[in-house]
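**Q** I would like the atomic coordinates for the input below:
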Amino acid sequence: MGSEVKTEIFTVAEMGEQAAEKGTSNTHKRRCIYEQHVQPCLAELFGTSLFVFVGCASVIGNVGTGGVLQPAVAHGLALGVLITVFGQISGGHFNPAVSLSVYLCGGMKLLLLVPYIVAQMLGGMIGAGLAKAMCPTNSYDGALGGAFTPSISDLGKTTLAEVVMTLFLTTVVCMGAINRQTRSPLAPFCIGLTVTANIFAGGMVSGACMNPARAFGPAVVASHWEHHWIYWVGPTCGALLTVSFIRLLFGDQKTRVVLQ
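**A** Here you go, the predicted structure:
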C-alpha cells in the first residue's frame, strides 16, 4: 500500500514537471515568433515614422532659405541614429529600396520582405502626419508637407539622379552591413553620411529621395502626387543595380553567383 502511494506521488510530480516544461517551451516559441517576425516589423514601422517625421519637418522648416544644408544634415543624422538603435532588431532599413536590395543580396528572409515594406509605407504616413500636426499651416503648405517635386523639367535626368543616388546608398548598406567580407560596425555612421552627401549632390535636381516610403508618406498626407512615379522607379532601379554589382562582382564567396 505504501509503495503504491509513493509511486502515485512520483507519477503526479512527473506530470507536473512535464506540464511546466511544455509551458516553458510554448512561452519560448511565442517569444521566438515575436522576436523574429513581429518585433522587426514594429521596429521598421516606428523607425520609419521617426525618420520621415524628421525629414518632413526639416524641409518644412527650411522654407524660404532655398538651401539643402538643413534637410541634408537632418536626414543623415536621423537615419544614422535610428539604424544604430534598431539595427539589431530589424536591420534598420526604413526604406523599401534598401529592403529589396538586402533581400536580394541574401541579408533577410523573403517572408519578411512584404511585411517590412508595408510597415515602412505606414510609417511614412504616420511620420508625415506628425509633421503636419506639428508645423505651422503656412510653412507646411509652402513646402508641400515635405513631399517631393522635381526641380527641373527633364524627368529623365531626375529619374537618373534617383537611380544613381539610390545605387550609392544601397551599395553602402549592402557592403557595409550585409557582405561578410566588408561589413563594418561603422555602417550606421556611413549610411547616414551617404544620405547627407546625396542630398547635397542631388537635392536641387530631384530632392534626393532615395526612399519610396519617404516619398509616399507626405504624398498621401499632403495629397501631392506630381511625378510621384519617379520616386519609385528611380530607387527600385538603383537597388537592382546594386544587387547586380554585388552578386556579380563585389560580393563575398557566398554572395557572388559567378567566380566562386
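**Q** okay, CA-based contacts and neighbour counts for the rest of this
**A** Noted.
**Q** contacts only, for residue 232.
**A** Listed by CA atoms under 8 Å, 6 or more residues apart in numbering, the contact set of residue 232 reads 211-212.
**Q** and it, how far from residue 97?
**A** Applying CA to CA, to the nearest Å, one obtains 9 Å for the distance of residue 232 from residue 97.
**Q** so what sits against both of these two?
**A** Between them, residue 232 and residue 97 share these contacting residues under CA under 8 Å, 6+ apart: 211-212.
**Q** for residue 250, grab the count of nearby residues.
**A** For residue 250, the number of neighbouring residues by other CA atoms under 10 Å comes to 18.
**Q** now it. Nearest residue, chain neighbours left out?
**A** Spatial nearest neighbour of residue 250, chain neighbours left out: residue 256 (7.4 Å); criterion: CA to CA, 6 or more residues apart in numbering.
**Q** is the one you found in a helix, a strand, or coil?
**A** Under DSSP: H, G, I helix; E, B strand; the rest coil, the three-state class of residue 256 is coil.
**Q** so who does residue 208 touch?
**A** The neighbours of residue 208, taking CA under 8 Å, 6+ apart as the test, are 161-162, 165, 198-199, 202.
**Q** tell me the pLDDT at it?
**A** On pLDDT, residue 208 comes in at 96.
**Q** where along the stretch 101-250 of the chain do the helices fall?
**A** Along the stretch 101-250 of the chain, counting by DSSP state H, counting those that start in this stretch, helices occupy 110-134, 137-142, 155-173, 187-202, 212-222, 230-245.
**Q** identify each buried residue in the second one, please.
**A** Under the neighbour-count criterion of 16 or more other CA atoms under 10 Å, helix 137-142 has 139-140 buried.
**Q** many thanks, I have nothing further to ask.
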